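Chemist: Build me a structure from this.
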Amino acid sequence: MKTTLPEWIDPAPWLAREYRVVDVEHAIGTESPDESTLAALLSPAAAEFLEPMAARAQAITRRHFGQTIQLYIPLYLSSYCSNGCAYCGFASDRHTDRHTLPFDAVEKELDSIKTMGFEEILLLTGERSSRADIDYLRTCVRLAADRFHTVAIEVFPMEQDEYHMLAEAGCVSVTMYQETYDPEPYDRMHRWGPKKDFFNRLDAPARALAGGLRFAGLGALLGLADPYHDMIALYRHTRHLQKTYWQAGVSLSFPRIRHEAGGFTAPHPVDEKMLAQIIFAFRICLPDVPLTLSTREGAPFRDGIAGIGINKMSIASRTTVGGYSGNAPEEGQFDINDGRSLETFQAMLHGKNLEPVFKNWEKLYRLTA
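Modeler: The predicted structure is shown next:
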């Protein structure tokens with residue numbers, strides 16, 4: 001059993017370094033960014049350089065993505081979970097009603113979302129269970145693939161052959177947040193359940209890409225551990241997948257701890273200023289990698305950062321099981337902070353001369369058996 005971080009992801013070489021103003025100025029202007037660039041831009045010395053970092057990030061975003069924001073929407077299929085994640089509203093010790101959408105309800109939800117105009121959908125579950133196993137998920141993917149050009153999943157880690165089954169069913173992307181790349185707080189936060197296996201989760205995006213999925217979404221849940229450690233490791237994870245699975249795509253998200261049913265308090269809180277610094281740093285260092293921001297963040301922050309590093313967002317989201325076609329449970333996985341309608345959000349984007357994009361993938365390119 002693995003007990004230490006693999007060399008390709010261990011951020012230790014960068015954690016003890018101190019950066020000066022001159023290092024930050026060089027990092028902002030470099031045309032050849034690398035790990036040292038990111039480390040400098042994430043350092044305390046860079047906190048006073050947010051304006052020039054934002055300007056550089058915006059220029060890079062426009063160069064690679066134009067003045068567009070890609071839109072997607074999540075659909076929670078099941079809230080059953082056997083894991084003991086201290087920070088999650090679906091943890092098995094939370095006293096809440098559990099639900100799994102039957103297939104007819106899945107179709108109803110999908111049809112409701114389709115009428116809104118979305119072409120990319122993210123399907124989510126808790127840990128693998130008898131109510132939401134690979135066969136259930138494969139059927140849900142097929143139902144979604146009949147309606148949407150892009151079907152993504154954010155579910156439990158699987159084996160390579162299982163990811164291949166989902167690719168054959170029409171899934172093109174997997175999102176798998178490591179939560180934290182630091183094994184010690186990871187073990188402490190994941191109190192029991194299959195998710196306690198740090199290395200099984202760490203290797204899951206590689207298994208998904210080897211299994212035929214075209215994109216892998218990575219991220220760390222900001223607030224669980226030292227963000228400097230986690231963001232350096234996230235960068236190294238990204239570069240490892242890019243080099244190993246060069247034919248696939250990688251995207252990044254920057255979720256922060258939000259209020260949930262258990263009342264968890266982040267031990268390493270990340271404020272909006274630090275979150276902006278993180279986003280700008282990643283855009284400068286990974287110019288062509290899609291960067292995503294969800295409705296975990298509030299409207300003012302999302303409005304301000306749209307097109308400045310971030311090029312992909314969710315909107316009109318529900319974190320309850322279902323909820324798009326009628327009544328849904330009151331308690332979700334976490335509280336959202338941007339509850340605007342799609343129409344209101346699009347009007348904001350247009351006011352910033354940004355164009356909402358619903359489709360950037362053609363379903364004809366999906367893997368077929």
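
Chemist: switch to C-alpha atoms for all contacts and neighbour counts from now on
Modeler: OK.

Chemist: how about low-confidence regions in this structure?
Modeler: Under the criterion pLDDT under 70, the flagged ranges of the chain are 1-3, 260-261, 327-334, 361-362, 364-369.

Chemist: all strands of it, in order?
Modeler: Ranges of strands within the chain are 68-76, 120-124, 150-154, 173-175, 215-219, 249-253, 291-293, 312-314, 355-357, based on DSSP state E.

Chemist: Which other helices and strands does the longest one contact?
Modeler: Contacts defined by 3 or more Cα pairs under 8 Å, 6 or more residues apart in numbering; DSSP states H and E place strand 68-76 against strand 120-124, strand 312-314, strand 355-357.

Chemist: who's in contact with the closest residue in space to residue 345 that isn't next to it in sequence?
Modeler: Excluding its sequence neighbours, the residue lying closest to residue 345 (Cα to Cα, 6 or more residues apart in numbering) is residue 315, at 7.4 Å. For residue 315, the contact set (Cα atoms under 8 Å, 6 or more residues apart in numbering) comprises 71, 72, 73, 294, 295, 338, 339, 340, 341, 342, 345.

Chemist: rerun at 10 Å
Modeler: Counting by Cα atoms under 10 Å, 6 or more residues apart in numbering, residue 315 touches 71-74, 293-295, 338-346.

Chemist: quick one: buried residues of stretch 16-23?
Modeler: Across stretch 16-23, burial judged by 16 or more other Cα atoms under 10 Å covers 19, 23.

Chemist: Any figure for the gap between the spatially closest residue to residue 205 that is not a sequence neighbour and residue 163?
Modeler: Nearest non-adjacent residue to residue 205, counting by Cα to Cα, 6+ apart: residue 216, 6.1 Å away. Distance, residue 216 to residue 163, using Cα to Cα, to the nearest Å: 12 Å.

Chemist: got any residues that touch both of those two?
Modeler: Each of 172, 173, 174, 204, 205, 208, 209 lies in contact with both residue 216 and residue 163 under the rule Cα under 10 Å, 6+ apart.

Chemist: Thought residue 214 was touching the first one, still the case?
Modeler: Yes - counting by Cα atoms under 10 Å, residue 172 touches residue 214, with 5.3 Å between them.

Chemist: and those two? which has more neighbours close in?
Modeler: Each of residue 172 and residue 214 has its neighbours counted (other Cα atoms under 10 Å); residue 172 has more, 28 against 21.

Chemist: contacting residues for that one?
Modeler: 141, 145, 149-153, 163, 166, 208-209, 212-216, 361, 363, 365-367.

Chemist: I'm done for today, thanks for sticking with me.
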